[in-house]
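**Student:** got a structure for you, letters missing:
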């Protein structure tokens with residue numbers, strides 16, 4: 001569990017960096033650069049011994065969802081929501097962890113649907129009416145797609161590695177990043193206007209930090225730690241970064257919020273977790 005705690009503190013600062021310095025860049029480009037750097041970090045550790053072509057494709061698919069789709073949706077939400085709201089909206093990740101665990105275990109409860117609806121409502125209340133409801137909900141939906149993708153990858157990778165006891169995490173993780181780079185690269189190719197793209201030296205430094213440390217090293221440590229705790233603990237640990245990120249967003253970025261709506265939204269999110277807690 002120590003790995004999950006350390007990563008949560010590092011990720012708490014990532015919200016601030018993206019909102020404070022990278023939000024002006026195309027979100028698909030940011031996702032692609034981060035994941036490409038992550039792949040470069042782990043490519044030297046890849047070992048193909050004992051891994052069939054089918055295994056490599058499965059790992060690439062898991063990575064394309066957990067990191068590729070997750071990042072594209074996650075960073076695309078920043079123009080529509082303040083950083084502290086995005087932090088709060090990641091509260092639903094444990095719900096998705098539980099849902100996918102239930103799907104794998106062929107046992108799904110109606111409480112999951114109620115919990116998810118409460119969580120989405122909480123996110124909408126926090127932001128509306130600071131901007132149009134359509135934009136608020138667009139940002140909320142993007143974050144939920146991101147949360148679901150990240151949750152799926154955690155459970156899928158954990159189950160996949162259980163079936164391959166002879167393999168080591170560091171020797172297969174490059175396949176995960178390879179799949180993620182393909183997805184992010186396709187989005188970047190389709191949406192990024194490279195003729196108008198201008199990246200400052202400071203932004204490159206932050207991209208390198210996020211790609212090598214917050215993404216490359218931390219995603220590895222997170223999945224490595226996730227395999228060593230039960231699914232209930234994993235679901236709870238997905239929320240440790242939230243209080244860290246909210247406090248930093250309000251203090252460092254000086255973001256302004258309606259604390260009344262913030263409290264109501266948090267209560268709705270807490271209600272979602274309470275509805276779901278008996279299924280952890």
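**Tutor:** Right, received. Where do you want to start? It should be emphasised that the depicted structure is a prediction, and the values quoted were computed from it without experimental measurement.

**Student:** shaky segments in the stretch 101-250 of the chain?
**Tutor:** Low-confidence segments of the stretch 101-250 of the chain (pLDDT under 70): 108-110, 112-113, 116, 120, 123-124, 126-135, 232-233, 236, 239-240, 242-246.

**Student:** those strands in it, which residues are they?
**Tutor:** With DSSP state E, counting those that start in this stretch, there are no strands along the stretch 101-250 of the chain.

**Student:** Surely residue 267 is in contact with residue 121?
**Tutor:** No: when contacts are counted by Cβ atoms under 8 Å, residue 267 is not listed as touching residue 121 (10.6 Å). Using the backbone N, CA and C atoms, a C-beta is placed for each residue, glycine as well.

**Student:** out of these two, which sits in the busier spot?
**Tutor:** Ranked by neighbour count (other Cβ atoms under 10 Å), residue 267 and residue 121 place residue 121 first, with 17 against 13.

**Student:** ok, now which ones touch that one?
**Tutor:** Counting by Cβ atoms under 8 Å, 6 or more residues apart in numbering, residue 121 touches residue 268.

**Student:** From residue 142, how far off is it?
**Tutor:** Applying Cβ to Cβ, to the nearest Å, the value for residue 121 to residue 142 is 16 Å.

**Student:** Could you do residue 117 as well?
**Tutor:** Using Cβ to Cβ, residue 117 is found at 17 Å from residue 142.

**Student:** quick one: which of these two has more around it?
**Tutor:** Comparing residue 117 with residue 142 by other Cβ under 10 Å, the one with more neighbours is residue 142, at 23 against 13.

**Student:** which other helices and strands contact whichever strand or helix holds residue 13?
**Tutor:** Under the criterion of DSSP states H and E, residue 13 resides in helix 2-17. Counting by 3 or more Cβ pairs under 8 Å, 6 or more residues apart in numbering; DSSP states H and E, the packing neighbours recorded for helix 2-17 are helix 83-89, helix 218-226, helix 231-237, helix 241-252.

**Student:** same thing but at 10 Å, please
**Tutor:** If you count contacts as 3 or more Cβ pairs under 10 Å, 6 or more residues apart in numbering; DSSP states H and E, helix 2-17 packs onto helix 83-89, helix 201-209, helix 218-226, helix 231-237, helix 241-252.

**Student:** tell me the contacts of residue 190?
**Tutor:** Each residue near residue 190 by Cβ atoms under 10 Å, 6 or more residues apart in numbering is listed here: residue 28.

**Student:** Sticking with residue 24, tell me its helix or strand.
**Tutor:** With DSSP H and E as the test, residue 24 turns up in no helix or strand.

**Student:** That one: neighbour count?
**Tutor:** For residue 24, the neighbour count with other Cβ under 10 Å is 11.

**Student:** and the gap between the nearest residue to residue 235 once chain neighbours are set aside and residue 272?
**Tutor:** Nearest residue to residue 235 in three dimensions, chain neighbours excluded: residue 94, at 3.7 Å (Cβ to Cβ, 6 or more residues apart in numbering). Distance, residue 94 to residue 272, using Cβ to Cβ: 9 Å.
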